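Asker: Give me a 3D structure for the following:
(chains A, B and C)
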Amino acid sequence: METIKIVLNDIDYVTRNDKPIIRLFGINPETEENVIAVDTTFKPYLYVLPYDFDICLEDLREMGLDDLEVETKIDIGTESEFIKVILTHPQEVPKLRDSIRDLPSVKQIREYDIPFYRRYLIDKQITPTNIIELHGETIDSILYSEELKIDEDVTLFKMMENPIDTHKTNKRNKILSFDIEVYNAEGMPTAENDPIIMMSLCGNNGLKKVLSTKKSDKSFVETLSSEKDMLKRFVEIIKEENPDMLVGYNSDNFDLPYIKKRAEKLNIKLDLGVDGSGIKFMKRGFNNAGVIKGRVHVDLYLLVRRNMRLERYTLERVYEELFDEKKIDVPGDQIYQYWDSDDERLEELFDYSMDDAVTTTMIGDKLTPLTVAQTRLVGQPLFDIARMTTGQMVEWYLMLKAYEKNNIIPNKPDTDEYSQRRKSNKVIGGYVKEPEKGLFEHIAYLDFKSLYPSIIIAQNISPDTITDGENMDESEYYTCPENGYKFLKEPKGFIPSIIGYILDERQRIKKLMKEEKVPEQKRAYDFEQQGLKRLANSMFGAYGYSRFRWYKIECAAAITAWGREYIRNAMKKAEEYDFKPIYADTDGFYATYIGDLNEE
DNA sequence: CAAAGTCGGGG
DNA sequence: GTGTACGACTTTG
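Answerer: Numbering: from 1, shown residues only, chains lettered A, B, ... in the order given. Below you'll find the model as predicted:
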């Protein structure tokens, strides 16, 4: 048996002989070779909570389901016995779950909507972007049919044992950005009519290139004889560079769909994927996500939207905000005129095209490290994390922790429940004291560090600790001001215990960061602690987010009610020491000292 | 006043 | 892909 290590970049599954095969895509950090590791042993499953065990087991067997196990899981604080129904193919889950749920002996079904590759990452406790150790053997592409035949320089590896997460970070951090310019004489271009005229590439290793069908003396311009050749060269460079991350700006919605359509129109194969596949699109919310199998495509536009607050999010505006510098600009609607001019304006267009890719790489260098840190915390693929909202990250993080702590995951709300939640999810916000007019001297500012996370822990606010307090002594629970919601003091709730862990972990990382001498590692710790902070701070919002699995509006309301009380009490206390509050908002207030400054 | 509709980025 | 989704803002009924 052989052992190899890979940086885990991507994961999916394919079907062969009606059975699923998990594929881990990675790069061997020593040889820089691409590896596809396959696992043929993992099976999909869901959980059933029965009314009556024996009848239910019998009913399930009658349906032809006989791979059944009994497991004890914690369900919102209470231990229950579940039947684990093991299936052979992931697509059986949506096919069978309705008929399983409808069995009279079935009370509930659980964990029936977790994508197969995500289930794999959670159950095997492996983390994308980490270095993973694999045991098995190198094989020929026997598992693959012709259309999926992989390149000769890709190692195919069959796993014989579970992968081992070494918890080591990828030292390699190669970013390659790309951008295209297209001919646009009639407003917004259409791939049907308008050719690509330039394709720019920029790596954080120094690579700078603009491919084009026109000539220039500029050293970064490479001229190709046709659009067809330009596209082929584009693919060739990406394969040669083999970056850890392929980044674009609005590339999910513009560049990649455009490149794909032009390639189809020109009848050429774009085998950009590590497995030889082309560009695919996945429907994700309101936009499509461009997928290149085995490579991590990150659209920076989404990261910018998530992490910056601006009036507009054009590449130009974002670059200016981050680097305090103007970028080269060519008005979008005039690109075709610059192209047709064949004079110095064409040269300007080459510079503009190059600059777009260069600034994209610079923005990528700034924003992707946090996304990588979040990937390592949440344990889902970088591709997915780059497209998740913070609420979704919290949820997948909790799902991972639920598995570790043997908690069964709550279901997502069905349509009825969801619309009901939407109607009644108004929660009173933080305490706000309108600022007093005037000019003040001797201003003091007090703020609660991570107010809401601290309240969740201090008052043990969790869906599994909420109680009506019946037949209990008052000392056994915390009572929320204003609304009277009650939360058990013991045992520690699922979410408070996880926030506690996150906050402790953050302190640990901050300490490591302070002691660290290597700047690169120091920076990595900084992003990790930022990621932890965001997770902790987003947990409150998640309680009030209608689609959240751990949704509990009472928890959200209790947190803000306690928050208002904390800050009012702090202000009262400050007044006792001659500080007059002049403005307050949610987790802090400003006060002016009105006592005698000469005293003491 | 709530429900329904639009739009972001890209050229 | 064990998917079907955002949020701020404006217009409409």
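Asker: avg pLDDT for the helix or strand where A:D504 lies?
Answerer: Using DSSP states H and E, A:D504 sits in helix A:494-515. Averaging pLDDT along helix A:494-515 yields 96.
Asker: Just the C-alpha atoms of it, please, in CSV.
Answerer: Extracted C-alpha coordinates of helix A:494-515, given in CSV (Å, rounded to 0.1, in the frame of the first residue of the first chain):
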residue,chain,number,x,y,z
PHE,A,494,-25.5,23.1,22.2
ILE,A,495,-25.0,26.6,20.7
PRO,A,496,-23.6,28.3,23.9
SER,A,497,-21.0,25.5,24.2
ILE,A,498,-20.0,26.0,20.6
ILE,A,499,-19.7,29.7,21.0
GLY,A,500,-17.7,29.2,24.2
TYR,A,501,-15.3,27.0,22.2
ILE,A,502,-15.1,29.5,19.4
LEU,A,503,-14.2,32.4,21.8
ASP,A,504,-11.6,30.3,23.7
GLU,A,505,-10.2,29.1,20.4
ARG,A,506,-10.0,32.8,19.2
GLN,A,507,-8.0,33.7,22.4
ARG,A,508,-5.7,30.8,21.8
ILE,A,509,-5.1,31.8,18.2
LYS,A,510,-4.6,35.5,19.1
LYS,A,511,-1.9,34.4,21.6
LEU,A,512,-0.2,32.3,19.0
MET,A,513,-0.4,35.3,16.6
LYS,A,514,1.4,37.5,19.1
GLU,A,515,4.2,35.0,19.7
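Asker: Tell me if I am right that A:L211 is in a strand.
Answerer: Yes. Per DSSP: H, G, I helix; E, B strand; the rest coil, A:L211 lies within a strand segment.
Asker: before we move on, the earlier item: buried set for the helix holding A:D504?
Answerer: Neighbour counts using 16 or more other Cβ atoms under 10 Å place A:494-500, A:502-503, A:505-506, A:509-510, A:513 of helix A:494-515 among the buried residues. Where C-beta positions appear, they are placed from N, C-alpha and C, glycine not excepted.
Asker: For the stretch 251-400 of chain A, which residue gets nearest to DNA strand B?
Answerer: A:G332 (2.5 Å; Cβ to the nearest atom of the strand).
Asker: Sheet-wise, list the partners of the host helix or strand of A:L446 with their directions.
Answerer: If you go by DSSP H and E, A:L446 is part of strand A:443-447. Partner strands for strand A:443-447, per DSSP bridges, with pairing direction: strand A:588-593 (antiparallel).
Asker: nearest to DNA strand C, of the buried residues of helix A:494-515?
Answerer: Minimum distance to DNA strand C across the buried residues of helix A:494-515 is 19.5 Å, recorded for A:I495 (Cβ to the nearest atom of the strand).
Asker: The lengthiest helix in chain A - what's its average pLDDT?
Answerer: Identified as the longest helix of chain A according to DSSP state H is helix A:344-378. Here helix A:344-378 scores 96 as its mean pLDDT.
Asker: Downstream of that helix, the next helix or strand is which one?
Answerer: The helix or strand immediately downstream of helix A:344-378 is helix A:382-385, counting by DSSP H and E.
Asker: Need the contact partners of that following helix.
Answerer: Applying Cβ atoms under 8 Å, 6 or more residues apart in numbering, the contact partners of helix A:382-385 are A:9-10, A:118, A:128-129, A:245, A:289, A:291, A:296-298, A:371-372, A:374-375, A:378, A:393.
Asker: Out of these, list just those in helices.
Answerer: Judged by DSSP H, the subset of the contacts of helix A:382-385 located in helices is A:118, A:371-372, A:374-375, A:378, A:393.
Asker: in the longest strand anywhere in chain A, what counts as buried?
Answerer: Using DSSP state E to define each element, chain A has its longest strand at strand A:2-16. Residues A:4-14 are the ones in strand A:2-16 that count as buried (16+ other Cβ under 10 Å).
Asker: elements contacting that strand?
Answerer: Here strand A:2-16 touches strand A:19-27, strand A:34-39, helix A:116-124, strand A:130-138, strand A:154-159, going by 3 or more Cβ pairs under 8 Å, 6 or more residues apart in numbering; DSSP states H and E.
Asker: A:K158: how many residues sit nearby?
Answerer: 17 (other Cβ atoms under 10 Å).
Asker: ok, now which ones touch it?
Answerer: Contacts of A:K158 by Cβ under 8 Å, 6+ apart are A:37-38, A:40, A:136-139, A:143.
Asker: picking up where we left off before, what's the angle from the helix holding A:D504 to helix A:344-378?
Answerer: With axes from the mean of the first three to the mean of the last three Cα atoms, to 10 degrees applied, the angle from helix A:494-515 to helix A:344-378 works out at 120 degrees.
Asker: contacting residues around helix A:494-515?
Answerer: A:76-77, A:397-398, A:401-402, A:405, A:407, A:450, A:453, A:456-457, A:460-465, A:492, A:522, A:525-526, A:528-529, A:532-533, A:535-536, A:539, A:550.
Asker: Quick one: name the residues of the stretch 51-200 of chain A near DNA strand C.
Answerer: A:90-91, A:93-94, A:111-117, A:119 (Cβ under 7 Å from any atom of the strand).
Asker: Only the buried members of the residues you listed: can you turn that into a ChimeraX selection?
Answerer: Selection of buried members from these for ChimeraX, criterion 16+ other Cβ under 10 Å:
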select /A:90,93,111,112,114,116,117,119
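Asker: So which bits of chain A are right by DNA strand B?
Answerer: So chain A meets DNA strand B at A:179-182, A:184, A:187-189, A:249-250, A:253-254, A:286, A:301, A:312-316, A:332-333, A:335, A:356 (Cβ under 7 Å from any atom of the strand).
Asker: Of the residues you listed, which belong to strands?
Answerer: Among the residues of chain A next to DNA strand B, the ones falling in strands (DSSP E) are A:179-182.
Asker: Which one of the residues in the stretch 401-550 of chain A is closest to DNA strand B?
Answerer: The nearest approach of the stretch 401-550 of chain A to DNA strand B comes at A:K423, 8.0 Å away (Cβ to the nearest atom of the strand).
Asker: Are any of the contacts of helix A:382-385 buried, and if so which?
Answerer: For the contacts of helix A:382-385, buried by 16+ other Cβ under 10 Å: A:9-10, A:118, A:128-129, A:245, A:289, A:291, A:296-298, A:371-372, A:374-375, A:378, A:393.
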